[in-house]
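A.B. asks: From the sequence below, what's the structure:
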Amino acid sequence: MVVSCEESIVSDKNDAYVRQIDGIYVYIYSKPKKDHQVLGSVVNPLAEQLNEATKGKKKFGDIVSGILSTGAKNADFQKLLYSMVAQAKKDYREAEGIIFDKKLSEGLAIKFTE
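C.D. replies: The predicted model follows:
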């Protein structure tokens, strides 16, 4: 017989510490509880991803391989987040956060209203 003596702690599972990238709060499949205003959309163009995947490649086979791997992996996750944050900061100087609620190649730049 196994008896568990773990203490159950009641907590609000809806709270989290939100990470920042270059001073911008990043929300993935979540949104801030604070009131906020949507400044506009931020889109990571496929052309930029393809350019990164084929950079320095000269052989046709290597280029095709880079294109296919980009489509399959949608670029490196961290690079994609940094790229999207940089784009948000460039397009919306007042941006304080970015919300990804559907896919990582499209987000909403936000500013807190409180």
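
A.B. asks: quick one: contacts for Glu96?
C.D. replies: By Cβ atoms under 8 Å, 6 or more residues apart in numbering, the contact list for Glu96 reads Ile24, Tyr25, His36, Ile110, Lys111, Phe112. Any C-beta I mention is one placed from the backbone N, CA and C, and that applies to glycine too.

A.B. asks: just these now: which is nearest Lys13?
C.D. replies: Tyr25 (19.5 Å; Cβ to Cβ).

A.B. asks: if we can go back for a sec, could the contacts of Glu96 go into a markdown table alongside distance to Asp12 and neighbour count?
C.D. replies: Below are the contacts of Glu96 laid out as a markdown table (distance: Cβ to Cβ, whole Å; neighbours: other Cβ atoms under 10 Å):
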| residue | distance to Asp12 | neighbour count |
| --- | --- | --- |
| Ile24 | 25 | 20 |
| Tyr25 | 19 | 19 |
| His36 | 20 | 19 |
| Ile110 | 22 | 25 |
| Lys111 | 25 | 14 |
| Phe112 | 20 | 13 |
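
A.B. asks: Of those, which pair is most distant in space?
C.D. replies: Top of the distance list for the contacts of Glu96 (Cβ to Cβ): Ile24 and His36, 12.6 Å.
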